[in-house]
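1. curious how this folds, go ahead:
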Amino acid sequence: MMAGREIFSVPVVFADRFFMSEKSLAEISALGGYAWADAKDHLDLANRLSGSTSVRVLVSEYVPINAVVLERAAGLRGVVAYGAGYDHIDVNLADRRGILVCNCRGENAQAVAEMTFGLLLCLMRKIHLSDRYVREDGWKRTDSAALPEWVMGGELRGKTLGIIGLGQIGSRVARIARGFDMKILGYDPFAQTEDLAWVENTPLEKILSQADIITLHVPLTSSTEKMINARTLATMKPEALLINTSRGRVIDEPILLEALKEKWIGGAALDVFAKEPISGDHPFTKLGNVVLSPHIGAMTQEAGERLSDAVARQVRDILQGRKPECLINTYQIK
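-> Model prediction:
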């Protein structure tokens, strides 16, 4: 210990706290050991890395791995994003420093796709409001033949679903939607969609104007940040629903809040937010046409097991000098 700060003497450090299976932890332990940093933020992580020459791999779900952190991790060989998203990692700087960056793409795709439909069904059928109505004894106080008008929901069959982003998650959403007999429009200028021949490849503007439900499955990049904004929301149908299980910052949240209050669109279901966690008095929590969840799209036991296995594989490859299967940056092992 030094000045009350732990000096890591293991090759693998988990920046924040997330699920890792005992099996995967045992595999990583056999590679030289691991430690949980439980860092509050990137400054805390950087401070705890300072002075350590043992750390070779950092694994992070949310803690930013930026210049401040990378400058303190002198012996770093690789960074693993716990999950598919890696917008919290400075990939360009890591690339310049010869540090491998990889993610665990695809491992949580089924969980997020199913969560998307859970949120959608909750919003369509007013399940969140109905649950509160029963808990607050509203049903008991109401004549069964005179339930409030708001309980009337809608069906997915025949509705048009617009999927923005047809990667591993979006393509699974499309397959689920097919089972609901929905018309499916898809927009993704990069995805290979030969196996989704029944998805109509559609320009973004057409999706925004024609879809009854729009669901977002894009990474956070400079081109997707605030892609849902005043202009795009104004293009949507007044009864349209918006689902976001990707990243909060792909939506201009103050504008969405206005759109929901003023009924530019019918409602929204949000699992992610620009700044997390949100508080219980956040303006979104005051709206009945919004379903909220605390970024749990990937949180299933099955996805956790797959993510754990993927992390262990990436860590092993980095420590043993092999190219990881999910390498993101252009740096190559010489």
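2. roughly how far does G167 sit from G118?
-> Using C-beta to C-beta, to the nearest Å, G167 is found at 20 Å from G118. Any C-beta I mention is one placed from the backbone N, CA and C, and that applies to glycine too.
3. chain center to stretch 313-333, what's the gap?
-> 23 Å (C-alpha atoms, centre = their mean, to the nearest Å).
4. only alpha carbons, please: show that stretch as CSV.
-> Only the C-alpha atoms of stretch 313-333 are listed here, as CSV (Å, rounded to 0.1, in the frame of the first residue of the first chain):
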residue,chain,number,x,y,z
ARG,A,313,-11.1,-15.0,-24.1
GLN,A,314,-10.1,-11.5,-25.0
VAL,A,315,-7.9,-11.2,-21.9
ARG,A,316,-6.2,-14.5,-22.6
ASP,A,317,-5.5,-13.5,-26.2
ILE,A,318,-4.0,-10.1,-25.2
LEU,A,319,-1.8,-11.5,-22.5
GLN,A,320,-0.6,-14.3,-24.7
GLY,A,321,0.2,-12.1,-27.7
ARG,A,322,-2.6,-13.1,-30.0
LYS,A,323,-5.1,-11.0,-31.9
PRO,A,324,-8.4,-10.8,-30.0
GLU,A,325,-11.4,-12.0,-31.8
CYS,A,326,-13.3,-8.7,-31.3
LEU,A,327,-10.5,-6.3,-32.0
ILE,A,328,-11.8,-2.7,-32.7
ASN,A,329,-8.8,-0.6,-33.4
THR,A,330,-6.4,-0.8,-36.3
TYR,A,331,-3.4,-1.6,-34.2
GLN,A,332,-2.1,-5.1,-35.0
ILE,A,333,0.2,-7.3,-33.0
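5. what sits against the residue nearest to F180 when sequence neighbours are not counted?
-> Spatial nearest neighbour of F180, excluding adjacent residues (C-beta to C-beta, 6 or more residues apart in numbering): L156 at 4.3 Å. Applying C-beta atoms under 8 Å, 6 or more residues apart in numbering, one finds that L156 lies in contact with L120, L121, M124, A177, F180, D181, M182.
6. buried ones only from those residues, please, as a ChimeraX command.
-> The buried residues among the contacts of L156 can be selected in ChimeraX (16 or more other C-beta atoms under 10 Å) with this line:
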select :120,124,177,180,182
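7. adding secondary structure and pLDDT, write the contacts of L156 out as JSON lines.
-> Converted to JSON lines, those look like this (DSSP: H, G, I helix; E, B strand; the rest coil; pLDDT from 0 to 100):
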{"residue": "L120", "secondary structure": "helix", "pLDDT": "98"}
{"residue": "L121", "secondary structure": "helix", "pLDDT": "98"}
{"residue": "M124", "secondary structure": "helix", "pLDDT": "97"}
{"residue": "A177", "secondary structure": "helix", "pLDDT": "98"}
{"residue": "F180", "secondary structure": "coil", "pLDDT": "98"}
{"residue": "D181", "secondary structure": "coil", "pLDDT": "98"}
{"residue": "M182", "secondary structure": "coil", "pLDDT": "98"}
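8. remind me what the host helix or strand of V59 packs against, helices and strands.
-> Per DSSP states H and E: V59 is located in strand 57-60. Under the contact definition 3 or more C-beta pairs under 8 Å, 6 or more residues apart in numbering; DSSP states H and E, strand 57-60 sits against strand 12-14, strand 78-81, helix 301-319.
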